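Enquirer: Quick one: sequence plus predicted model below, questions after.
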Amino acid sequence: MTDILDDLAWRGLIAQSTDLDELRALLAAGPVTLYCGFDPTAPSLHLGNLIQILTLRRFQRAGHRPIGLVGGATGLIGDPSGKSAERVLNSEDTVAAWVERVRGQVSKFLDFHDGPTGATMVSNLDWTGPMSAIEFLRDIGKHFPVNRMLARETVKARLDSTGMSYTEFSYVLLQSMDFLELYRRHGCLLQTGGSDQWGNLTAGVDLIRRVEGGSAHALTTPLLTKADGSKFGKTAGGETYWLDPDLTSPYAFYQFWINADDRDVEQFLKFFSFRPREEIDELVKQGADRPAARAPQRALAEEMTTLVHGADETARVVAASRALFGQGSLDDLDERTLKAALAEVPRAEVAPGDLPTVVDLLAASGLCKSKSEARRAITQGGAYLNNAKVESEDAAPAADDLLHGRFLVLRRGKRNVGGIEVTASS
């Protein structure tokens, strides 16, 4: 079997471990069952969750058995870790719907079969729902000293600021019970998660020791940060990159990786790519030798978009990315992909009817700061409409120039792209 811990260490994916040497011996002895939990606190998982999903996938490819846990119960409460204020509780119906969506997202990355490494999906509502409050307090609560819970960093930070309800205070008991139940039901010996989950993970290890007298392990990955100080997986405006294509288009998802900072791309390749070390080293070298070609970013963008959205969708977004910059036919792009691509560039909406001149459109879209700047771009041969050079300052698009009857693609020079959409709501 592949030495998974050596691979994770090289990738920088090990932040904390209860006992790395003991875990290494356990993994070497045969297939180990491990799990990671995903709370349905939104209708989709996001890029930050992807690290944990892919960690399960790495363990399975190394010969171990992953369990994906969806928090049908814990999602009704929400983990207070890293939160400065109390969560807003979602309705049971909402959480139930999100459970199914999250279950489907995690499932697509794992291999389900009848062998010893076949993946399993579970919901913690299955064992938490039937339990009475008295049973929970007697069987689980008695193993958690209050003084130790008050010493937890998450609790101390909240008690010093906005405070914490008993509901969120009890979250660690529920997550610990999950580990205990999976230990009993599936022989699960390892829980993985982000480093902000360390306290929850080790509490589960301790509960197994107290209740069953057994030994279990916890392993965390570091929280990923970007070199420019911005939050990983967020847009400049703070919006989240989701795994659901209806919330973040495959084109926007692809562009996230394409636009990765040169200082970040090596870490991104190690954290997310399944390429072997030699290929990653070679891509990093290519990026250093010819940064303008963005070879590592392109390789990562294609690999991750294919992994999350499929090869066909990747082919569409690559074609759109090339066509917008004059390296392919805009006529070949389907309407959904073109709309998603134009949503990521400066754009403007115009009303139906006679279309404004290209000068007006360049200024309206923001590609040019003023009409006079737009005229200069045209006279200097640097303005394009649907990838055709604009020859006259008086040029205006015709109705049959509209792509899918509603879109125009503008370009200034080689790199600056904008869009126009004809809409009745303008």
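Expert: Cool, the structure landed. Residues are numbered from 1 along each chain as shown.
Enquirer: Please count neighbours and contacts with C-alpha atoms only from this point.
Expert: OK.
Enquirer: Give me the three-state assignment for the nearest residue to Leu367 once chain neighbours are set aside.
Expert: Leaving aside its sequence neighbours, Leu367 sits nearest to Gly418 (CA to CA, 6 or more residues apart in numbering; 6.3 Å). Three-state assignment for Gly418 (DSSP: H, G, I helix; E, B strand; the rest coil): strand.
Enquirer: same thing with Glu421?
Expert: strand.
Enquirer: Neighbours of it, how many?
Expert: For Glu421, the tally of surrounding residues (other CA atoms under 10 Å) stands at 21.
Enquirer: I'd like the distance between it and Asp394.
Expert: 20 Å (CA to CA, to the nearest Å).
Enquirer: got the buried residues for the helix-or-strand element of the chain with minimal mean pLDDT?
Expert: None of the helices or strands of the chain scores lower by mean pLDDT, DSSP states H and E than helix 153-159, at a mean of 84. Using 16 or more other CA atoms under 10 Å as the test for burial, helix 153-159 gives Thr154, Val155, Ala157, Arg158.
Enquirer: does the last one really touch Glu86, like I thought?
Expert: Which is Arg158. No. Look at Arg158 against Glu86 with CA atoms under 8 Å: they stay out of range, at 9.0 Å.
Enquirer: overlap in contacts of these two?
Expert: Met164 (CA atoms under 8 Å, 6 or more residues apart in numbering).
Enquirer: all strands of the stretch 251-400 of the chain, in order?
Expert: Secondary structure of the stretch 251-400 of the chain (DSSP state E, counting those that start in this stretch): strands at 347-350, 383-385, 388-389.
Enquirer: quick one: contacts for the residue nearest in space to the middle of the chain?
Expert: Computing the C-alpha centroid of the chain and ranking residues by CA atoms, centre = their mean puts Leu47 first, at 1.0 Å. Residues near Leu47 by CA under 8 Å, 6+ apart: Gly233, Tyr241, Trp242, Leu243.
Enquirer: Count the residues that sit near the closest residue to Leu283 other than its chain neighbours.
Expert: Computed as CA to CA, 6+ apart, the closest residue to Leu283 that is not its neighbour in sequence is Pro296, at 5.1 Å. Applying other CA under 10 Å, we find 27 residues neighbouring Pro296.
Enquirer: Now do the same contact list for Pro296.
Expert: Val265, Glu266, Leu269, Leu283, Val284, Gln286, Gly287.
Enquirer: Just the pLDDT for Ser425.
Expert: With respect to pLDDT, Ser425 has a value of 58.
Enquirer: and Val122, how many neighbours?
Expert: By other CA under 10 Å, neighbour count at Val122 equals 16.
Enquirer: Kindly report the same for Gly353.
Expert: Residues lying near Gly353 (other CA under 10 Å) number 9.
Enquirer: For the remainder of this discussion, apply numbering that starts at 17.
Expert: All set: I'll call the first residue 17, so the last point we hit is now Gly369.
Enquirer: mind checking how far it is from Gly84?
Expert: Applying CA to CA, the value for Gly369 to Gly84 is 54 Å.
Enquirer: Asp130 too?
Expert: 16 Å.
Enquirer: could you point out where the stretch 317-442 of the chain is predicted with low confidence?
Expert: Scanning the stretch 317-442 of the chain for pLDDT under 70 picks out 441-442.
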